[in-house]
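Peer 1: coordinates only, sequence not included:
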């Protein structure tokens, strides 16, 4: 009878240890699953950040290109105005020269 009780106690202890081991394994698996999910979220976030960076970079290049084109238009316009003033001044000088 005493051996039966010892056997039951040993069996109960073994079942308790098995239950603890199973719970620890489940916790380990849950943590691993969470780690993988977080890594996936980080990967997705990094891809989105790279996409945003490329978009902003492209927008910056577009804006720089547009600004450069606008400066070129303004310089061409200014050059035309100066050419017209030069022609007018030259014509006036020739007119004055003929009068003199």
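Peer 2: Right, received. Where do you want to start? As the structure is a computational prediction, the values presented were derived from the model and not from experiment.
Peer 1: and stretch 52-67, how far from the chain's centre?
Peer 2: Remark: stretch 52-67 is offset 13 Å from the chain centroid, using C-alpha atoms, centre = their mean, to the nearest Å.
Peer 1: can you check stretch 51-64 too?
Peer 2: 11 Å.
Peer 1: return the distance of the helix or strand where residue 60 lies from the chain's centre.
Peer 2: For residue 60, the host element (DSSP states H and E) is helix 2-99. With C-alpha atoms, centre = their mean as the basis, helix 2-99 stands 0 Å off its chain's centre.
Peer 1: kindly provide the whole-number mean pLDDT of it.
Peer 2: Helix 2-99 shows an average pLDDT of 94 in the prediction.
Peer 1: name the helices or strands packed onto it?
Peer 2: Counting contacts by 3 or more C-beta pairs under 8 Å, 6 or more residues apart in numbering; DSSP states H and E, helix 2-99 packs against no other helix or strand. Yep, even glycine has a C-beta here, placed from its N, CA and C like the rest.
Peer 1: center of the protein - which residue?
Peer 2: Geometric centre of the chain, nearest residue: residue 49, 2.2 Å, by C-alpha atoms, centre = their mean.
Peer 1: roughly how far apart are that residue and residue 57?
Peer 2: Noted for residue 49: a distance of 12 Å to residue 57, by C-beta to C-beta, to the nearest Å.
Peer 1: neighbours around residue 65, how many?
Peer 2: Residues contacting residue 65 under the criterion other C-beta atoms under 10 Å number 10.
Peer 1: intersection of neighbour lists for residue 49 and residue 57?
Peer 2: By C-beta atoms under 8 Å, 6 or more residues apart in numbering, residue 49 and residue 57 have no common neighbours.
Peer 1: how close does the residue nearest to the centre of the chain get to residue 30?
Peer 2: Applying C-beta to C-beta to residue 49 and residue 30 gives a distance of 28 Å.
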